[in-house]
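Peer 1: give me a 3D structure for the following:
(chains A and B)
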2 protein chains.
Amino acid sequence: MRIVIDGFGGDNVPLEPMKAAAAAVAEYGVEMIITGDCEKMKQCAEQNNINLEGITFYQADSVIPMDEEPTKILKVYSDCSMAVGLKLVADGEADAMVSAGSTGALLAGATFIVKRSKGIKRPVIATLIPTGGKRKFYLLIDSGANSDCRPEMLNQFAVMGTAYHKRILKSENPEVALVNIGVEEHKGCELQQQSYKLLKENSCINFIGNVEARELPNGGCDIAVCDGFTGNIVLKLTEGFAAFFTGVLKNIFYTNAATKAAYLLVSKPIKVFRKSMDSKEQGGAPILGVKKPVIKAHGNSDAKAFKNAIRQAKYCIEQDVCGEIERGVAQLKAEETADA
Amino acid sequence: MRIVIDGFGGDNVPLEPMKAAAAAVAEYGVEMIITGDCEKMKQCAEQNNINLEGITFYQADSVIPMDEEPTKILKVYSDCSMAVGLKLVADGEADAMVSAGSTGALLAGATFIVKRSKGIKRPVIATLIPTGGKRKFYLLIDSGANSDCRPEMLNQFAVMGTAYHKRILKSENPEVALVNIGVEEHKGCELQQQSYKLLKENSCINFIGNVEARELPNGGCDIAVCDGFTGNIVLKLTEGFAAFFTGVLKNIFYTNAATKAAYLLVSKPIKVFRKSMDSKEQGGAPILGVKKPVIKAHGNSDAKAFKNAIRQAKYCIEQDVCGEIERGVAQLKAEETADA
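Peer 2: Next up, the predicted model:
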């Protein structure tokens, strides 16, 4: 199994992806390819004593900037570390890709270089979000790939999310809900109203109805389906609250000597909580609906986060998530045809 | 000054609205009207020793259920405690209205009974949300009135929010931002892209560009403008996180005897934090764009929350918020006409 990692995508490059690749070779027994400036990577490996066994460097002459127009990965930046990695996947030289570079560029590259799976309308980004309820996580899909969506797209997102959830989280019958502003069927805009009808009729998924955003932090469903605009609002607000609460906890315990003493007494449960909320523990966000696994790691990923993203890519390959999605979407299509 | 309160809207009725009305008469020197079943209110006052000085009961024969189709307030439930109160406002018998009943019904009633102010496309619900940053609050507008919006509506929301913020929060030049999935002008769907253009040209407001949801908990702007679907997602997710975080704190301190002891040391800063986050402290959410102040109190309001909502209604009357909004919208219209 060969996994390619973008050596120059993200904030901490190339050191952190390289450390992660070395650790992944040792721990997961995978082969790793790292794309980017080979000369720089060689120097970095020497300076940091990184064991390069099982690792291949693959030259890429540029890096696509985070704020660049995403589709520029296809022409102007076709030689960037991300594009070169995706081409290796498309050509069968590697089985999956991990990058912490621009989300938009990775999505465009995955869609047009690795290419969509058969029957997929739009690839989608799914993000696993930690919760405080009976479920440890919920899968937010779409968390930002497609701002404008049609109901048929949301119906496919539900199928893709279900396939991912079953295969990667080993759930038997994950509960799918539509993110909406009320629980009743008629709630929301045209998109939600029409999507509800399709989701209700979709026998490939376990649809439980609408979920209000209020229920999300407590794990109101396994899979929360929405358009990418709404999903991105939910994702970013969740990130904002995580940072906010960290600040609040700090303020509470930094008030005076007594509160600082109190911290010592609760530091263990606080660490447990922080770990459960730490996005670096989750790996990355998979781009679903393309022919091979592509994982978006967080921009500020360190070696631990990259390593978890590589582990996730490995699971996706082993569990044939892409195949499961293709079969799920084919089944949905067959049912729609039968109904028509 | 006469303020009417819906005696049977919300969870804790009629006792809590009645206690609040009595307290408001004593503290704010206002006259209060309470709508609903006069017999029940009389009994409730006797049983609870409520001083009825300055309070008038006004008979209403029904209560509109929370989950009823909102427009039913206009015909089927035209005799409900909410509709009767709104009619008193429309007829000039009262200067403002407070209700903790169904948001949709109150919005429909405010729009068609109290009626829209001149030039207003759609009335809107604005909610003041506590933050942890340099600002104590931000005003979320629309927080749920209009799921589907056009750019011109968002532009008016910005003007209405600015008028409210200036008059009620006494800010000189509140910063308005558009809730979006990135800071760049081209981000978001058609609605956000077109709204950005209008907001940028609008000289009646202090537009600072897009705000990402990540910045909201930290007070990224004074006024966050969005469609009612997005706003409701933001509002409910915020409520969900507030509850979630309370649960987390509880878990942290209930772990064992040592952590329980720790709580005693930090209970004061925790109480300060809780108070700053308590929606009951804020009063209610004003419905802006109608001819007289109408305040939506939270469904689970107690006497304190109702009293704060009454105080807010009083401020709106004193500060002529409705007039300020009408003038702002007229100025916007004049500028648009001049530009055309």
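Peer 1: quick one: secondary structure of residue A:98?
Peer 2: Classification of residue A:98 by DSSP: H, G, I helix; E, B strand; the rest coil places it in strand.
Peer 1: brain fart, residue A:300
Peer 2: Using three-state DSSP, the three-state assignment for residue A:300 comes out as coil.
Peer 1: now swap in residue A:211 and tell me
Peer 2: Following three-state DSSP, we place residue A:211 in the strand state.
Peer 1: with residue A:140 instead?
Peer 2: Here residue A:140 is recorded as strand under three-state DSSP.
Peer 1: what's near enough to touch it?
Peer 2: Neighbour list for residue A:140: A:126-129, A:224, A:226, A:231, A:234-235 [criterion: CB atoms under 8 Å, 6 or more residues apart in numbering or on different chains]. C-betas here are computed from N, CA, C, even on glycine.
Peer 1: just the buried ones from those?
Peer 2: Burial by neighbour count, 16 or more other CB atoms under 10 Å in any protein chain shown: within the contacts of residue A:140 this picks out A:126-129, A:224, A:226, A:231, A:234-235.
Peer 1: wait, which of the residues you listed is closest to chain B?
Peer 2: Ranked by distance to chain B (CB to the nearest CB), these are led by residue A:234 at 6.3 Å.
Peer 1: any residue of the helix or strand hosting that closest one touching chain B?
Peer 2: Assigned by DSSP states H and E, residue A:234 falls within helix A:228-253. Yes - in terms of CB under 8 Å from any CB of the partner chain, part of helix A:228-253 sits within range of chain B, namely A:228-230, A:232-241, A:243-245, A:247-248, A:251-253.
Peer 1: what comes up buried for that helix?
Peer 2: Buried residues in helix A:228-253, counting neighbours by 16+ other CB under 10 Å, are found at A:228-242, A:244-245, A:248-249, A:252-253.
Peer 1: gap between that helix and the chain center?
Peer 2: In terms of CA atoms, centre = their mean, to the nearest Å, the centre of helix A:228-253 is found 18 Å from the chain centre.
Peer 1: and that helix, what other elements does it pack with?
Peer 2: Where contact means 3 or more CB pairs under 8 Å, 6 or more residues apart in numbering or on different chains; DSSP states H and E, helix A:228-253 is packed against strand A:124-130, strand A:137-141, strand A:175-180, helix A:257-277, helix B:228-253, helix B:257-277.
Peer 1: one more time with 6 Å
Peer 2: helix A:257-277, helix B:228-253, helix B:257-277 (3 or more CB pairs under 6 Å, 6 or more residues apart in numbering or on different chains; DSSP states H and E).
Peer 1: compare those and give me the one nearest residue A:162.
Peer 2: Across the helices and strands packed on helix A:228-253, residue A:162 has its closest neighbour in helix B:228-253 (22.6 Å, CB to CB).
Peer 1: run a quick neighbour tally on residue A:210.
Peer 2: Residues lying near residue A:210 (other CB atoms under 10 Å in any protein chain shown) number 23.
Peer 1: check contacts around residue A:20.
Peer 2: By CB atoms under 6 Å, 6 or more residues apart in numbering or on different chains, the residues touching residue A:20 are A:303, A:306-307.
Peer 1: now do residue A:225
Peer 2: Contacts for residue A:225 (CB under 6 Å, 6+ apart) come out as A:141, A:154, A:157-158, A:178.
Peer 1: if we go to 10 Å?
Peer 2: By CB atoms under 10 Å, 6 or more residues apart in numbering or on different chains, residue A:225 lies in contact with A:124, A:126, A:139-142, A:149, A:153-162, A:176-180, A:192, A:195, A:199, A:205, A:207, A:211, A:231.
Peer 1: can you pull up the bridge partners for it?
Peer 2: Assessed by DSSP bridges, residue A:225 has beta-bridge partners residue A:141, residue A:178.
Peer 1: quick check: it vs residue B:111, distance?
Peer 2: Going from residue A:225 to residue B:111 by CB to CB, to the nearest Å gives 32 Å.
Peer 1: CA-only coordinates of stretch A:68-83 in CSV, if you can.
Peer 2: Taking C-alpha atoms only, stretch A:68-83 is exported to CSV below (Å, rounded to 0.1, in the frame of the first residue of the first chain):
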residue,chain,number,x,y,z
GLU,A,68,-5.1,31.0,-4.8
GLU,A,69,-8.1,30.4,-7.0
PRO,A,70,-8.7,26.7,-6.5
THR,A,71,-8.9,25.7,-10.2
LYS,A,72,-5.4,27.1,-10.9
ILE,A,73,-4.2,23.7,-9.6
LEU,A,74,-5.2,22.4,-13.0
LYS,A,75,-3.1,24.6,-15.2
VAL,A,76,-1.0,27.4,-13.7
TYR,A,77,0.0,25.2,-10.7
SER,A,78,-0.1,21.8,-12.4
ASP,A,79,3.4,21.2,-11.1
CYS,A,80,2.6,22.0,-7.5
SER,A,81,3.2,19.5,-4.7
MET,A,82,-0.5,18.8,-4.4
ALA,A,83,-1.2,18.3,-8.1
